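Enquirer: Sequence and predicted structure, then a few things I'm wondering about:
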Amino acid sequence: MSEGDAELEARLAEQEEFEPPESFVEQANVSDPDIYDEFEAEWPDCWEAAAELLDWYEGYDQVLDDSNPPFYKWFTDGKLNVSHNCLDRHLDERGDEAAIEWVGEPVEEENITYTYEELHREVNECAAALEEMGVGEGDVVTMYMPMIPELPIAMLACARIGAPHSVVFAGFSADALATRMNSADSEYLITCDGYYRRGDPLDHLKKANEGLGGVEHDVEGVVVAERLMDGDGFGHDYADNQHAYADLVAEQEGAEVAPVERDAEDMLFLMYTSGTTGKPKGVKHTTAGYLAWATWTSQAVLDIKPEDTYFCSADIGWITGHSYIVYGPLSLGTTTMMYEGTPDYPERDRLWQIIEDYEATQLYTAPTAIRAFMKWGSEFPDRHDLSSLRLLGTVGEPINPRAWKWYYQHIGDEACPVVDTWWQTETGGMMITGLPGIKKMKPGSAGPPLPGLDVRIVDTKGEQVEAGRAGYLTVQKPWPGMLRTLYKNDERFIEEYWQEYSDTDSSDPDDWVYFPEDGAKIDDEGYITVLGRVDDVLNVSGHRLGTMEIESAIVGVEGVAEAAVVGGDHEIKGEAVYAYVILEDGFEGSDEMREEIIEGVEDAIGPIARPEQVVFTPELPKTRSGKIMRRLLEQIANEEELGDTTTLRNPEIVEDIQKQVQDD
Ligand code: WTA
């Protein structure tokens, strides 16, 4: 590091606030600070600003129908189509411009540019093929695909014909796929033969087929996109209901499918996410509110303009990719990048190479990635010209000030605002983050809520806590992008998100409060620092994992009697999975047993849930009433000072476990 850099680093380390760069403010999509007061004064009509960004076949009657909380309806009786909004409406002006820049794994020099014209054609042909296969309006189509172009094409094709999609992250296991298809009664699957990871082909169809084996109803059709190149295939035979994507689409060459008029409140997609119980929750998003939210936040926060080349490094299998690779950016008619591979292959400068090559204007990524970049060192970004970047963003977990400043300095060259955006699968899009052309930034704090949102930090009784004190994050008024319910489970929807702070007997919307299950604190300028989940959900590398899901996977391994899973601090992942396991008599805590447990978790959920440590113990620390003391297990994982152990039924076990963790 040169001396200049060291000085700069020292100065940044001290600095707690950053003004938005002048060069950014001058051109920002939103730069009038009055927006905050105006939106508050005009709520809920302020959200017409979001609806106006969309093309409607028929205008809506009411901005918000809150007559039956918490089942809110937005833009009632409006008619529109998401695929039309993301494609057709841009054809006149942007037909020849890139809609998607797909950057493949570097197995062969093969990147693909899809202009709006081309993407429109592909989506139409895919929509025609799906219809031909029998997919109709309202049928849930599951997609189990990595970052290949067929994924957004299929999503937009489904949106075109009014078939909701349910995308399952490709890294999830066969079991996870089966659970989700069963839960959604989904009779169609779009998947692929395989894909490349760090240059090696992976057999994805094998996993998909295993998953299909666990589906309890008839599956009408399976479409297999063929990503692998000659010689890399795994030689699968296709069953009668399985078709190669290319064949189906070839039969539809030149086909046009008119976008169906969808009601504002019709379901656009389902996305399963982890909750407190072992069963994933099917979060339901609708057509108008969701698209309005993804579009408005893309414009106001990510500052997307049609001429941009915008890069979000998330996977489309998560909500971030849905809202901020596919729907928001395409709705605004910009160029969205899609990168198939990992940031460290073939080298640790891969993202910076892509940004330089494509002159990307924004980068939206996760703190876990930034921590890895930091660890690898600034020499990798330093090799590249990153001056095309105008804005940086993060999402998925809290970002510590050191990582924030590294990002700001080494990637943004102090010329780009950094937006730390708090939101969830359930919120549809961003909720808490400063508008980058208006608000100063405070590293470590996501910032103030977006205009028009009523976010409060409360205590267990629902009273607002003082500035600086930790409390629970709540959203006190509805917003267009919110989930509408959990798929076919209104009761659980209320239990999970509303019950805690609402008067559930009331029909007055003021009595209903949304609880995202995060802890937070607020400062005297209204900046919110999100402290993390307060339920039994871990955040591993920005991915939500339910401890119960992992525990039930472990208990499913032969020889395991009981398991407790907690999160331990991890330098790169943020949190890592720590599993404490009690074995049945006759089983031994051997390396093989440990391997079996790890495999059991990978099979049930996927490699992302892989335990960092498996600790065998004859007992778990329990309270006198028999509850596992998770907090204590967390402290042990983090090798922290332990809290009071005198109320335990079995205090002697603690030292034992502690010793094992430290030895490993
Ligand atoms: C956490 C991802 C702190 C939080 C879009 C939330 C964050 C969960 C941030 C949702 C952030 C997300 N700062 N924590 N900027 N963004 N989280 O559903 O705990 O995968 O509840 O959505 O991630 O994760 P999900």
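Expert: On my side now, so go ahead. As the structure is a prediction and not an experimental result, all values here were calculated from the model.
Enquirer: Give me the nearest residue to the residue located most distally from the centre of the chain, chain neighbours excluded.
Expert: Centroid-distance maximum for the chain: residue 586 at 42.2 Å, with Cα atoms, centre = their mean. Of all residues not flanking residue 586 in the chain, residue 559 sits nearest, at 7.8 Å (Cβ to Cβ, 6 or more residues apart in numbering). Glycine gets a C-beta too; all of them are placed from N, C-alpha and C.
Enquirer: what's around the one you found, how many residues?
Expert: Neighbour count of residue 559, defined by other Cβ atoms under 10 Å: 15.
Enquirer: quick one: it from the ligand, how far?
Expert: Going from residue 559 to the ligand by Cβ to the nearest ligand atom, to the nearest Å gives 33 Å.
Enquirer: hang on, the earlier thing: SS state for the residue farthest from the centre of the chain?
Expert: Using DSSP: H, G, I helix; E, B strand; the rest coil, the three-state assignment for residue 586 comes out as coil.
Enquirer: gap between the closest residue to residue 645 other than its chain neighbours and the ligand?
Expert: Of all residues not flanking residue 645 in the chain, residue 651 sits nearest, at 4.7 Å (Cβ to Cβ, 6+ apart). Residue 651 sits 32 Å away from the ligand, taking Cβ to the nearest ligand atom as the criterion.
Enquirer: Got phi/psi on residue 651?
Expert: Residue 651 adopts backbone torsions of phi -60, psi -30, taken as degrees, to the nearest 10.
Enquirer: got a pLDDT number for it?
Expert: Here the pLDDT value assigned to residue 651 is 85.
Enquirer: my guess is it meets residue 643, correct?
Expert: No - if you go by Cβ atoms under 8 Å, residue 651 and residue 643 don't touch, sitting 11.8 Å apart.
Enquirer: Next up, the contacts around the residue nearest to residue 226 when sequence neighbours are not counted.
Expert: Leaving aside its sequence neighbours, residue 226 sits nearest to residue 193 (Cβ to Cβ, 6+ apart; 4.9 Å). For residue 193, the contacting residues are 204-205, 224-228, 233-234, 236, by Cβ atoms under 8 Å, 6 or more residues apart in numbering.
Enquirer: Name the residues of the stretch 451-600 of the chain found near the ligand, please.
Expert: Proximity of the stretch 451-600 of the chain to the ligand, by Cβ under 6 Å from any ligand atom, involves residues 516, 518, 530, 532-533, 539, 544.
Enquirer: Between the two ends of stretch 184-203, what distance do you get?
Expert: This stretch, stretch 184-203, spans 25 Å end to end (Cα to Cα, to the nearest Å).
Enquirer: one step back: drop anything exposed from the contacts of residue 193.
Expert: Buried members of these, counted by 16 or more other Cβ atoms under 10 Å: 204-205, 224-228.
Enquirer: Can you tell me which of these is nearest residue 75?
Expert: Using Cβ to Cβ, residue 225 comes nearest to residue 75 of the buried ones among the contacts of residue 193, at 33.9 Å.
Enquirer: pLDDT value on the closest one, please?
Expert: 98.
Enquirer: Would you mind measuring from it to residue 627?
Expert: Distance of residue 225 to residue 627, given as Cβ to Cβ, to the nearest Å: 48 Å.
Enquirer: Now do stretch 107-118: distance to the chain's middle.
Expert: Chain-centre distance of stretch 107-118: 25 Å, with Cα atoms, centre = their mean, to the nearest Å.
Enquirer: can you list contacts of that stretch?
Expert: With Cβ under 8 Å, 6+ apart as the test, stretch 107-118 has contacts from 87, 90-91, 94-104, 122, 149, 196, 199, 229, 333.
Enquirer: Emit the PyMOL select command for whichever of these are buried.
Expert: Restricted to buried positions by 16+ other Cβ under 10 Å, the PyMOL selection for the contacts of stretch 107-118 reads:
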select buried, resi 87+90+94+97+98+99+100+101+102+103+104+122+149+196+333
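Enquirer: following the longest helix belonging to the chain, which helix or strand comes up?
Expert: Longest helix in the chain by number of residues, with DSSP state H as the criterion: helix 116-133. Going down the chain from helix 116-133, the next helix or strand is strand 141-143, by DSSP states H and E.
Enquirer: what residues does that next one touch?
Expert: Residues outside strand 141-143 that contact it (Cβ under 8 Å, 6+ apart) are 130, 135, 151, 154-155, 158, 163-168, 177, 180-181, 184, 186, 188-191.
Enquirer: Run through the strands of the stretch 101-250 of the chain in chain order.
Expert: 111-115, 141-143, 165-167, 188-192, 194-197, 200-203, 221-225, 242-244 (DSSP state E, counting those that start in this stretch).
Enquirer: Name all residues that make contact with the residue lying closest to residue 583 once chain neighbours are set aside.
Expert: Computed as Cβ to Cβ, 6+ apart, the closest residue to residue 583 that is not its neighbour in sequence is residue 559, at 5.5 Å. Applying Cβ under 8 Å, 6+ apart, one finds that residue 559 lies in contact with 583-584, 586-587, 593, 596.
Enquirer: Buried only: go through these for me.
Expert: Neighbour counting with 16+ other Cβ under 10 Å marks 583, 587, 593, 596 as buried within these.
Enquirer: Filter these down to just the ones in helices.
Expert: Reading helices off the buried ones among the contacts of residue 559 with DSSP H, I get 593, 596.
Enquirer: between the buried ones among the contacts of residue 559, which is nearest residue 65?
Expert: Nearest to residue 65 among the buried ones among the contacts of residue 559, with distances taken as Cβ to Cβ, is residue 596, at 52.7 Å.
Enquirer: quick one: the closest one and residue 557 touch, right?
Expert: Yes - using Cβ under 8 Å, residue 596 is in contact with residue 557, at 5.4 Å.
Enquirer: closest one to residue 401 among the strands of the stretch 101-250 of the chain?
Expert: Per Cβ to Cβ, nearest to residue 401 of the strands of the stretch 101-250 of the chain: strand 194-197, 32.7 Å.
Enquirer: Can you give me the buried ones in the closest one?
Expert: Buried residues in strand 194-197, counted by 16+ other Cβ under 10 Å: 194-196.
Enquirer: OK, contacts around residue 649?
Expert: Residue 649 touches 622-624, 626, counting by Cβ under 8 Å, 6+ apart.
Enquirer: Which residue ranges of the stretch 301-450 of the chain form helices?
Expert: Using DSSP state H, counting those that start in this stretch, the helices of the stretch 301-450 of the chain run over residues 319-321, 328-331, 350-358, 367-376, 379-382, 401-406.
Enquirer: among those helices, which is the most enclosed?
Expert: Using mean count of other Cβ atoms under 10 Å, the stretch among the helices of the stretch 301-450 of the chain with the largest mean neighbour count is helix 328-331, at a mean of 28.
Enquirer: what about that helix, distance to the chain center?
Expert: 16 Å.
Enquirer: tell me which strands and helices that helix is in contact with?
Expert: Packing partners of helix 328-331 (3 or more Cβ pairs under 8 Å, 6 or more residues apart in numbering; DSSP states H and E): helix 82-86, helix 287-300, strand 335-339.
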